[in-house]
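Visitor: what's the 3D shape of this:
(one chain, ligands or ions: 1)
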Amino acid sequence: MKKNLLIIGASGHGKVVADIALRMNKWESIAFLDDDEAIELSMGIEVIGTSADINKYIHEYEIFVGIGDNAIREKVYEALETVGASIPVLIHPSVVIGEQVLMGSGTVVMAGAVINCCTTIGKGCIVNTGSTIDHDNSIKDFVHISPGAHLAGTVSVGKGSWLGIGSVVSNNVIIPSGCTIGAGSVVIRNITEPGVYVGVPVRSV
Ligand SMILES: CC(C)(COP(=O)(O)OP(=O)(O)OC[C@H]1O[C@@H](n2cnc3c(N)ncnc32)[C@H](O)[C@@H]1OP(=O)(O)O)[C@@H](O)C(=O)NCCC(=O)NCCS
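Guide: As a prediction, this is how the structure comes out:
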């Protein structure tokens, strides 16, 4: 195992990622990269370069993308994968994970989340604070499940979709790739087209 962790993105989401990494107590040192060269320190952690410096650190550090935007996170993750970076999974110690849960690299699971048995979560996903993902879900790559969102059993969420804070998805529902589900919205039937959906139950906007 490598001794150090480098987090790309030193703003809000990156700070929560760093906080989880500190609590995991797995790395000897933690540092940030951020393209805003004005940031030297974030949450007391040093910013040691920009994303252009990845190659400089690739052998000494495991590298994690701490960027909330799904499309940007995907782009940076793919660049890391191309250069052969070691990309960890970050799981807050308070998380509850059931049997036979699979998770891809570059995924972070934040404080108080619950992931129930037989669920698969792709790479580069965010399972945010206090969200719950029940049994037999299929969450594809670069999805963001926002704080307090709740997914019932056998839900499928396509690549890069974003479920807003406090949203709810009923059992057996399919949400395809390219969807945004608004804050507090409720999905009770399959969605068939990419787009932005809000309300209870959701309507396309
Ligand atoms: C869904 C969302 C992305 C839409 O943002 P937007 O494209 O800027 O849309 P607008 O604010 O222009 O709203 C468009 C319409 O949808 C409605 N709307 C937007 N979000 C809504 C929501 N969550 N629930 C119900 N209606 C909503 C607006 O009232 C507006 O309705 P109108 O046309 O009748 O006036 C945004 O409102 C949202 O919910 N974001 C989630 C934020 C979040 O979860 N953050 C957590 C980060 S960790």
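
Visitor: ok, which stretches of this protein are helices?
Guide: With DSSP state H, the ranges of helices along the chain come out as 12-24, 54-57, 70-82.

Visitor: Make a markdown table out of those helices and add mean pLDDT, mean neighbour count and distance to the ligand.
Guide: Where C-beta positions appear, they are placed from N, C-alpha and C, glycine not excepted. Output for the helices of the chain, formatted as a markdown table (pLDDT from 0 to 100; neighbours: other CB atoms under 10 Å; distance: least, CB to the nearest ligand atom, whole Å):
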| stretch | mean pLDDT | mean neighbour count | distance to the ligand |
| --- | --- | --- | --- |
| helix 12-24 | 98 | 19 | 8 |
| helix 54-57 | 95 | 14 | 25 |
| helix 70-82 | 97 | 17 | 11 |
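
Visitor: ok, now how distant is the nearest residue to residue 47 once chain neighbours are set aside from the ligand?
Guide: On the basis of CB to CB, 6 or more residues apart in numbering, the spatially nearest residue to residue 47 that is not a chain neighbour turns out to be residue 32, at 4.5 Å. Applying CB to the nearest ligand atom, to the nearest Å, one obtains 19 Å for the distance of residue 32 from the ligand.

Visitor: cool, residue 97 as well?
Guide: Distance, residue 97 to the ligand, using CB to the nearest ligand atom: 21 Å.
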